[in-house]
Structures are given as C-alpha cells and as structure tokens.
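J.: Any chance you could fold what I've pasted below:
(2 chains)
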Amino acid sequence: MTATRTTEGRPSSTPIGRSLGFERALVSALGVLALLAGAFALVVATGWLGVYRARRPVLDPLAVRWIQDRSTITIVCAIVLGVVLLVLGLWWLVRILRPEPRPNVRLGEGPSGATITATALTEAVRGDARSLSGVSRVRARMAGSGRHRHLRLVLSLREGTDVRQVWDELDRKVLSRLRRSLETETVPAAIRFELERAPRQRVR
Amino acid sequence: MRALIRLIAALLCLVLAAVGALFIAEAAWFLAFPNDDFLLVAWPSIRADLAGIAWNGTPVRISGAVMVVAGLVLLVLVARARRGEIRLHDPAPQVTVTTDPKSLARLIGHQVRLQEDVAKASVTARRNRVRVRARAEIVDTGDLDTRLSELATETVRELPLPAVPKVSVSVRPAKERR
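T.: Below you'll find the model as predicted:
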C-alpha cells in the first residue's frame, strides 16, 4: 500500500546526524601532507634527486646562510605565520568543539510570524510518538541551522513490534500532524529506529 | 571511528595553535633580546643536530617511512569513518528513516531463537548482507537451514527496505553426547 511511496521523487536529503565533513577534510589534508612529505624525504634519501643532494646535510649550510642574511624578513615571516596558525587553529578548534545547535522554528514570514521554540516542538512530537504502539522510548531534538533545520527523532521499539506498522503510523499520526500544525508541505526529519530495544509487552 | 576523526581534528587544531604561539613568542623574544639564543626551544642544538645528518642517513629514511605510514593510516581512518546505517523507505518527502545494523541483527536473532530446534544463534548484519549462524538442538538438522533461511528472508522482507540484503544461513548440528 504505502511501501513504495518513495520510489516516486527523489530520496530525502535530510542528514541523519551531525556532519563530519570539516573534520574529515582536516584529517585527510594532514594525511596527504604526511604522505607527501615522507615520500619526498625517501625520494631524496635514495638519491633520485641526485647523488650529490643525497649526501648533503638535511639543514643545508647554504640555506642557513641565506636565511641569516635576511634575518628581518625571516622574523616578520615567522610572526605572520605564527599569527595565522594561532588564529586558524583556535577558530577551527572552536568550530569542532561547539555543540550542535537546537534551532527554533519560525512560523510565517515577517513581523506577523511566530516562533516555536525547539523544546516546545520536540516535546509535542515526543508525546505524539510515544503514543504509537510498540514504541518504548522516544528521543527528539531539533538540528541543523539556517534553511536546513530539521527534526531528529530516535524511536526505540519493543521486541516483536511490527516495524512496518510503526513506520506507517509515524507518517500518518506524528509527521502529518506536525505538517498540519506548522502549515507546511514538508517537515524535514531524520528518524532512526532502534529495533527490539525493550522486552515484549505482555498482554493482560 | 567518527569520534576518533573528531578527536584527531581537534588535536591537530590545538597543535596548529600551539605552533603559531611558539613562533610568535620566539620571534618576539629574538626582537627583544637579539643576543639571547632562544626562549623555549633550544634552536642552536637542533640546528647542529640537523646539520650533522645527511639526506641519505638512516634517521631521514626512518622518519620518511614513518610519515608515509602515518599518512596512509590517517587516510584509511577517514575512508572508514562512514555510517553503517541501513536506510528504510522515506515515509514522506525529506523524511529520512534509518535503522542500525545491530537493530536488524537483534530483530532476526530474536526470530531465529524462537524457532524449535535452535539452541543458539548469532546474527551479523550489514547494509547488503545478513549472516545467521545457528547451532541446532538436534543432531540431524534436516531442513532447519532452509526453514531459518526462509524465516530470516521473510523478516527482512517485511521491513520497508529499499534494497533487501542477502541472507545467508549456516546451521551446525548439536554435538553428539558420549
């Protein structure tokens, strides 16, 4: 009935967790740099850049003298480089360690619009989701920023729960209600099912 | 793995900032006291050490090799820091639904263990593959593996999965009592 609804249209692009792109780029850059520097050292050491170069000391006296002749420029360069490294390092560190924001939701445009706080919205969703049969625990939060705000929901299901039924009810009961109350066509959301997390519910 | 990448990135930023601060401090010290050699790091002795090592010396080769290996390890870590989440159908536009491989394994494991003649079972699941290893309670396993295979496939098929993972089942008979 509803199973293949998604084959129409594009798959959802709502991210399922915090993006790691920046951190990955940094670590990749470090890896590539280390790889290149190490390979370069090995290339020089094996004499591929000339047998004579391979016999020279690592800190070449020629280079040392060249730098000593230009000590003012060297000092200025060192200070500039130091400032750049310090600022970049601290800026990136703050960016990496900053906790993920929990953005509020804006209803309507302009001064007539209203703001729903992230807490209010997630509380409402949590209440709705908990009423689904088979759901034992609900975690909800807002995530993202700017135009990419979305709801993030983790549903723990009891043993023996029909996953397809919960999946179906989730849209019919929780998400559609949210769409109606926010008066929007789509509510971006990332939902994670944790299956069989609580013992089977006894029927009394 | 993802936490490790974040940790390495944070440490890298910390090191960058520390090196920057050191550069500024040393340069300022040199400007203030040109005759004093250094503030924190013994540059002259490091310089003497480096001037004594040739490019084709063992220390260069060893550190070069270590750096190549470290770079490769970092790149492998980055490549492996991916989510193993299993994607389900989207119930509505812009709604992503996922579950984790462990959940899928638990789901199938519970079903398999509820079957008759199954003593114990272990299930490993990934996005495209589910593997069930079961130990039978009986010596003659008969059609137990087909039954379990059908059960696991059926369980997987009942989930709203866009791509159904392959199921493989292996059953070992009970050990003979002596």
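J.: in chain B, which spans are strands?
T.: With DSSP state E, the ranges of strands along chain B come out as B:86-87, B:95-99, B:118-125, B:129-136, B:166-172.
J.: swap in chain A?
T.: Counting by DSSP E, chain A has strands at residues A:105-107, A:114-116, A:135-143, A:150-158, A:189-198.
J.: Highest average neighbour count across the strands of chain B: which stretch is it?
T.: A comparison of the strands of chain B by mean neighbour count, using mean count of other Cβ atoms under 10 Å in any protein chain shown, puts strand B:95-99 on top with a mean of 23. Backbone N, C-alpha and C define where each C-beta goes, glycine included.
J.: which strands and helices sit next to that strand?
T.: With contacts taken as 3 or more Cβ pairs under 8 Å, 6 or more residues apart in numbering or on different chains; DSSP states H and E, strand B:95-99 sits against strand A:189-198, strand B:86-87.
J.: Tabulate these (JSON lines), appending distance to A:Pro57.
T.: As requested, the helices and strands packed on strand B:95-99 are exported to JSON lines (distance: least, Cβ to Cβ, whole Å):
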{"stretch": "strand A:189-198", "distance to A:Pro57": "57"}
{"stretch": "strand B:86-87", "distance to A:Pro57": "57"}
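J.: I'd like those strands laid out as TSV, including distance to A:Glu23 and mean pLDDT.
T.: Converted to TSV, the helices and strands packed on strand B:95-99 look like this (distance: least, Cβ to Cβ, whole Å; pLDDT from 0 to 100):
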stretch	distance to A:Glu23	mean pLDDT
strand A:189-198	19	90
strand B:86-87	23	92
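J.: picking up where we left off before, and the strands of chain B as TSV, adding distance to A:Thr161?
T.: Formatted as TSV, the strands of chain B follow (distance: least, Cβ to Cβ, whole Å):
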stretch	distance to A:Thr161
strand B:86-87	17
strand B:95-99	12
strand B:118-125	17
strand B:129-136	19
strand B:166-172	21
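J.: Go through those strands and name the closest to A:Arg126.
T.: Distance to A:Arg126, taken as Cβ to Cβ, is lowest for strand B:95-99 among the strands of chain B, at 16.7 Å.
J.: Scan chain B for its longest helix.
T.: Across chain B, the helix with the greatest residue count (assigned by DSSP state H) is helix B:2-32.
J.: any idea of the mean pLDDT in that helix?
T.: Averaging pLDDT along helix B:2-32 gives 93.
J.: just stretch A:83-92 next, same as before
T.: For stretch A:83-92, mean pLDDT rounds to 97.
J.: Give me the contacts around stretch B:105-114.
T.: Residues outside stretch B:105-114 that contact it (Cβ atoms under 8 Å, 6 or more residues apart in numbering or on different chains): A:159-160, A:163, A:195-196, B:118, B:120-125, B:130, B:132, B:134, B:148, B:151-152, B:155-156, B:159.
J.: Can you list the buried residues in it?
T.: Within stretch B:105-114, the residues scored as buried using 16 or more other Cβ atoms under 10 Å in any protein chain shown are B:105-112.
J.: before we move on, what about stretch A:72-88?
T.: Neighbour-count burial for stretch A:72-88 [16+ other Cβ under 10 Å]: A:75, A:78-79, A:82, A:85-86.
J.: out of the residues you listed, who's near chain B?
T.: Near chain B, judged by Cβ under 8 Å from any Cβ of the partner chain, the entries from these are A:75, A:78-79, A:82, A:85-86.
J.: Out of these, flag the one nearest to B:Ser168.
T.: Among those, and counting by Cβ to Cβ, the member closest to B:Ser168 is A:Leu85, at 52.6 Å.
J.: pretty sure the closest one contacts B:Ala17?
T.: Yes - with contacts counted by Cβ atoms under 8 Å, A:Leu85 reaches B:Ala17, the gap being 6.8 Å.
J.: Run the chain-centre distance for the longest helix of chain B.
T.: Distance of helix B:2-32 from its chain centroid, counting by Cα atoms, centre = their mean, to the nearest Å, is 28 Å.
J.: Any buried residues in that helix, and which?
T.: Quick answer for helix B:2-32 (16+ other Cβ under 10 Å): B:5-6, B:8-10, B:12-13, B:16-17, B:20-24, B:26-27, B:30.
J.: With stretch B:69-78 instead?
T.: Judged by neighbour count using 16+ other Cβ under 10 Å, the buried positions of stretch B:69-78 are B:71, B:74-75, B:77-78.
J.: In TSV, list these along with distance to A:Lys173 and pLDDT.
T.: Output for the buried residues of stretch B:69-78, formatted as TSV (distance: Cβ to Cβ, whole Å; pLDDT from 0 to 100):
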residue	distance to A:Lys173	pLDDT
B:Gly71	51	97
B:Leu74	46	96
B:Leu75	46	96
B:Leu77	42	95
B:Val78	41	94
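J.: The residues you listed: which ones sit near chain A?
T.: B:71, B:74-75, B:77-78.
J.: Mind listing what's buried along the helix-or-strand element of chain B with minimal mean pLDDT?
T.: Within chain B, no helix or strand scores below helix B:43-52, which has a mean of 83 by mean pLDDT, DSSP states H and E. Buried residues in helix B:43-52, counted by 16+ other Cβ under 10 Å: none are found.
J.: Then stretch B:49-65?
T.: Within stretch B:49-65, the residues that count as buried by 16+ other Cβ under 10 Å are B:54-56, B:60-61, B:63-64.
J.: what's the distance between the residue nearest to A:Ala129 when sequence neighbours are not counted and B:Val156?
T.: Once flanking residues are discounted, A:Ala129 sits nearest to A:Val138: 4.5 Å by Cβ to Cβ, 6 or more residues apart in numbering or on different chains. Computed with Cβ to Cβ, to the nearest Å, the distance linking A:Val138 and B:Val156 is 25 Å.
J.: What of A:Ala34?
T.: The gap separating A:Ala34 from B:Val156 is 43 Å, by Cβ to Cβ.
J.: what do you get for B:Val73?
T.: From B:Val73 to B:Val156 the distance is 36 Å (Cβ to Cβ).
J.: Look at B:Leu148 and say how many residues are nearby.
T.: 25 (other Cβ atoms under 10 Å in any protein chain shown).
J.: I'm done for today, thanks for sticking with me.
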